[in-house]
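Enquirer: Predicted model follows, preceded by the sequence.
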Amino acid sequence: MQEEIKQSPSFVQVLVPRALDTAFDYAVPDGLNVSPGAYVLVPFGREIVWGVVWSMDAPEIDVHKIKPIQSVSIQPPMRDVMRRYVAWMAEYTMAPLGNCLALCMSVPKAIAPDERKRKPKTDDAHTTAIAESSVQLSDEQADAAQRLCGQLEDGFSVTLLDGITGSGKTEVYLEAVEQAMRADGQVLVLLPEIVLTAQFIARFTRRFGFEPILWHSSQTPAKRRDAWRAVANAEAKLVVGARSALFLPFSDLRLIVVDEEHETAYKQEDGVVYHGRDMAVARAQFEEIPVFLVSASPSVESIVNVQAGKYDVVHLSARYGHAQLPTMRVVDMRLEDLDAQHFLSDALKQKMAETYTRGEQSLLFLNRRGYAPLTLCRKCGYRFESPDASSWMVLHTPPHSAPYLQCHHTGYTMNLPDACPECGAEESFAACGPGVERIAEEVKECFPEANVVVMASDTMSSPKVAAETYHQIEAGEVDIIVGTQMVAKGHHFPLLTLVGVIDADLGLDAGDLRAAEKTYQLIHQVSGRAGRAEKAGQAMIQTYYPESGMMTALSNDDRDQFFIEEIERRKRAHMPPYSRLAALILSGKNDGVVKREAKRLASIAPKGKGYQVLGPAPAPMHMLRGNYRYRLLVIADRNIHMQKLITEWLAVYPLPSSVRCKIDIDPQSFM
Ligand code: ADP
C-alpha cells in the first residue's frame, strides 16, 4: 500500500542513516517526483548518501544554502507506519533517530539503482503457489491452530504459544502462517540467529513447497539486496530471519512469529541496543497485526503479561504421537569421587554405555567452548589473562593444529607458548575446568570405539559444515554429541535418547537477575532434545546444588512451580517485570577519568518518588577492548517515564568526549 504521490514540493527534510536526531532541508529539482518516505540520494557533508524524506515542511534556513536532492530510488517509499515505528524506537531505545533509520537501510545497494543490468529472475520461488499441508493435526493441535488463525483478522494482539518441546508448536503456527499467506499477506518468522539453520529452513520449504526468504547477518550482500527488494515489492510472502529482519520494508505484513521468544539472543547489544522480541511486539502494534510468541519455557515477562491479561495464551500439553517427555534425573556431584581432570559422573557414564549399546545417541551439553576456561603455571601460579578484557584466556585444542588461547569476549588469540611467560618453566601448564573439547576427550577415553562430534560455534567452521554434521547425526552416523547451546535448541534428532547436562550450575553465579530463569530455560530446552521420536528419552543433570528449587522443579518436571517462585522473587525484589531498569555504561581509555565521571554523574542523579539510581560500580567486565567500564543502574516503577528522566539527567552535565555512555533500556546482560 503505497502512499499517494502528492505534488512535489520545492523543499523537503531528509533523514540520513547517521548518528543524528534531525532531518535536514533539501531542495527538490524540477521534474523530480518526491513523496513522503521516498528514498533519496543527497549530498551530506563530504558524502553522498541515501536518506529518507522525513517531512515536507517549509525550510528553516536560507533557501540559497540548501543543496538539491540528486535522485530518487525506484523502490517503494518507506511507509508512514514504518517511519512512525522508527521514530518511536529511537525514543524508546534512546538511540539517535538516524541510527534507527540505518537499521532499515542496512542494504544501500537495494535502494540504489543497479550498476549493471541484471537478468530478471525467473525462478522467483517465493511467488510460487503454497503447497497443502500433509500433516493431520491432533485435536489439541487443531484447536490451537484454530485459535491462532482466529487472531489474523482482528488487528493487533499478542498470543503466547506455550507448549512443551515436541508438542508441534511449529506445526501449529505454520497453519496460521499459511492462512496469512493465502490471503496474500506477508509473514515474518523471527528466530534467534543460532537456530536459523539449514534444518529449520528445509522444514519450511518442505511444508510450503517453496523456499522462504532468509535474512541473517552472514548472508552475502547480493542475497541481502535481493531479499530486501523482494520484501519491499511484496514478492516475498514469507521471511524467516534473525532479529534485524524486523526492519525490512514489508508492504503488507499480516503476522509476526517470534519463535523461542525467551531467548536472550534476541537482545542486540551493540549500536542501537534493543530487544528483538519487544520490538516485534511494537512493530505488530504499529502494523495492527497479531504477533505470536512461541516457547517451551517462556520468559517471566511473557508469563506475567498473560497473567495480567495483556497477552492471550494457547497451550500445547502433549508431545506429538508416541513421543514422551524425557525423564529427568538429578545427579548429586558432591557424592562423586572425581579428580580435577574428570567431569563425567558414574551414573552418567553408565547411562551413556547403555544408550551406546542400544545403538542410540547421547548428547552431552556444556555451555562453554574450547578445552579449558583457565590455564595456569603450576610452578609460579601465572594465569593467562586476556590483554584487552577482564577475563581469562580460554585454551583451545583443535585436532589438527597447535593449541591456542583465546579471549571469548574480544576474540584476541595467541599460541600457547612452550614455557611460562613469568617464570620460564617448561611443561608446567595446568588446564583448569572443562570446555566441550575436554569433555569430548574424556568421552573418547571411556568410549574409544564411538563416533564423537563436538558442536560449538568454533568447531563448526561454516554453516555448510554445521549442516553436514546435523545430517550425519540425523543419519545415525554419530554416537555421542558434545555441544554448547548451539545444539540446545531447534533440532530434531530422532535417535537421540540421552541428554547429559555436565554442569547445571554454570551461569548461576553471573550476578544477573535472570540467571535462574535462563539456566532453567536452557536445561529444560536441552533436555527436550531427548526422546523426540518413538524412543523414550532421559536427561541426567549434574549439579552441586541438588536440593535447590530449580533442581526440584526440573526433576519433578514442575515448570509452573519454578515460575511461581521466580515471579514471587522478582516481585519481592522489585525487579522486572515489576519495575523497569535502564543501565548506563560509561567507558573510556583512562580508568581514573571514567571513574571520576561516573561518580560525578551519580552525584547529580535524579531523586524522586518511584525511582532510584544505583552505582557507579565497576562493571564485572571492567576492561573490554582496552576501555574501562563503570555501570549505573536506574530502577523505576513501571509508570515512570524513564527515558525522559535519563535525557534530562544527561543534559545537565554533558560528559567529556573521552568518556562514552551507552544506554541500555531493559538490560539483559549485566556484564
Ligand atoms: P515443537 O516446535 O513444539 O518442538 P514441532 O512442531 O517441531 O514441535 O514437532 C515435533 C515433531 O513432531 C516434528 O518432527 C513435527 O513434524 C512432528 N509433528 C508434530 N505434529 C505433527 C502432526 N500433527 N503430524 C505429523 N507430525 C507432527
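Expert: Structure's in. What do you need?
Enquirer: Now for the closest residue in space to Trp215 that isn't next to it in sequence: which residues touch it?
Expert: In space, and not counting its chain neighbours, Trp215 is closest to Gly241: 3.1 Å by Cβ to Cβ, 6 or more residues apart in numbering. Any C-beta I mention is one placed from the backbone N, CA and C, and that applies to glycine too. Residues in contact with Gly241, defined by Cβ atoms under 8 Å, 6 or more residues apart in numbering, are Leu188, Val189, Leu190, Leu191, Leu196, Ile213, Leu214, Trp215, His216, Leu248.
Enquirer: Go again with 7 Å.
Expert: Gly241 sits next to Leu188, Leu190, Leu214, Trp215, His216 when contact means Cβ atoms under 7 Å, 6 or more residues apart in numbering.
Enquirer: Those residues of the stretch 201-350 of the chain touching the ligand, which are they?
Expert: Tyr320 (Cβ under 6 Å from any ligand atom).
Enquirer: so where do the strands sit in the stretch 201-350 of the chain?
Expert: Under the criterion DSSP state E, counting those that start in this stretch, the stretch 201-350 of the chain carries strands at the ranges 213-215, 238-241, 253-259, 267-268, 274-275, 290-295, 312-316, 327-332.
Enquirer: what does the stretch 51-200 of the chain give?
Expert: Under the criterion DSSP E, counting those that start in this stretch, strands of the stretch 51-200 of the chain are mapped to 71-72, 157-163, 186-190.
Enquirer: re the thing from before, I'd like the strands of the stretch 201-350 of the chain written out as CSV, with distance to Thr397 and mean pLDDT added.
Expert: Below are the strands of the stretch 201-350 of the chain laid out as CSV (distance: least, Cβ to Cβ, whole Å; pLDDT from 0 to 100):
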stretch, distance to Thr397, mean pLDDT
strand 213-215, 34, 93
strand 238-241, 35, 96
strand 253-259, 35, 98
strand 267-268, 31, 94
strand 274-275, 36, 97
strand 290-295, 36, 97
strand 312-316, 42, 97
strand 327-332, 26, 94
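Enquirer: For whatever residue of the stretch 351-500 of the chain ends up closest to the ligand, the count of nearby residues, please.
Expert: At 5.0 Å from the ligand, His492 is the closest residue in the stretch 351-500 of the chain, using Cβ to the nearest ligand atom. Counted with other Cβ atoms under 10 Å, the neighbours of His492 add up to 16.
Enquirer: Count the neighbours of the nearest residue to it once chain neighbours are set aside for me.
Expert: Nearest non-adjacent residue to His492, counting by Cβ to Cβ, 6+ apart: Arg532, 5.6 Å away. Arg532 sits with 24 neighbouring residues when counted by other Cβ under 10 Å.
Enquirer: what sits against the residue nearest to Phe44 when sequence neighbours are not counted?
Expert: Excluding the flanking residues, the one nearest Phe44 by Cβ to Cβ, 6+ apart is Val16, at 5.2 Å. If you count contacts by Cβ under 7 Å, 6+ apart, Val16 has them with Val42, Phe44, Val49, Gly51, Gly98.
Enquirer: so where's the stretch 51-200 of the chain uncertain?
Expert: Within the stretch 51-200 of the chain, the set of residues satisfying pLDDT under 70 comprises 117-128.
Enquirer: tell me which parts of it are close to the ligand?
Expert: 135-138, 141, 163, 165-171.
Enquirer: Recalculate using a threshold of 8 Å.
Expert: By the rule Cβ under 8 Å from any ligand atom, the part of the stretch 51-200 of the chain lying against the ligand is 135-138, 141, 163-172.
Enquirer: Any chance of a ChimeraX selection covering the buried ones in those residues?
Expert: In ChimeraX syntax, the buried subset of these is picked out as below (16 or more other Cβ atoms under 10 Å):
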select :137,138,141,163,164,165,166,167,168,169,170,171,172
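Enquirer: what is the mean pLDDT for stretch 618-628?
Expert: For stretch 618-628, mean pLDDT is 94.
Enquirer: Buried residues of that stretch, list them for me.
Expert: Neighbour-count burial for stretch 618-628 flags Pro618, Ala619, Met621, His622, Met623, Leu624, Asn627, Tyr628 (criterion: 16+ other Cβ under 10 Å).
Enquirer: I'd like the next helix or strand past the one helix or strand the fourth one maps to.
Expert: In other words, His622. Assigned by DSSP states H and E, His622 falls within strand 611-624. Sequence order places strand 627-636 as the next helix or strand after strand 611-624, per DSSP H and E.
Enquirer: now that next one and strand 611-624, what's the angle there?
Expert: Interaxial angle, strand 627-636 versus strand 611-624 (axes from the mean of the first three to the mean of the last three Cα atoms, to 10 degrees): 160 degrees.
Enquirer: Helices of the stretch 301-450 of the chain, start to end?
Expert: Counting by DSSP state H, counting those that start in this stretch, the stretch 301-450 of the chain has helices at residues 346-357, 436-446.
Enquirer: Report the contact partners of the residue nearest to His492.
Expert: Taking Cβ under 7 Å, 6+ apart as the criterion, Arg532 is in contact with Gly166, Ala323, His492, Pro494.
Enquirer: Just name the most buried of the strands of the stretch 51-200 of the chain.
Expert: A comparison of those by mean neighbour count, using mean count of other Cβ atoms under 10 Å, puts strand 186-190 on top with a mean of 27.
Enquirer: residues contacting the closest residue to the ligand within the stretch 251-400 of the chain?
Expert: Nearest to the ligand, among the residues of the stretch 251-400 of the chain, is Tyr320, at 3.6 Å (Cβ to the nearest ligand atom). Tyr320 sits next to Ser138, Gly166, Ser167, Gly168 when contact means Cβ under 7 Å, 6+ apart.
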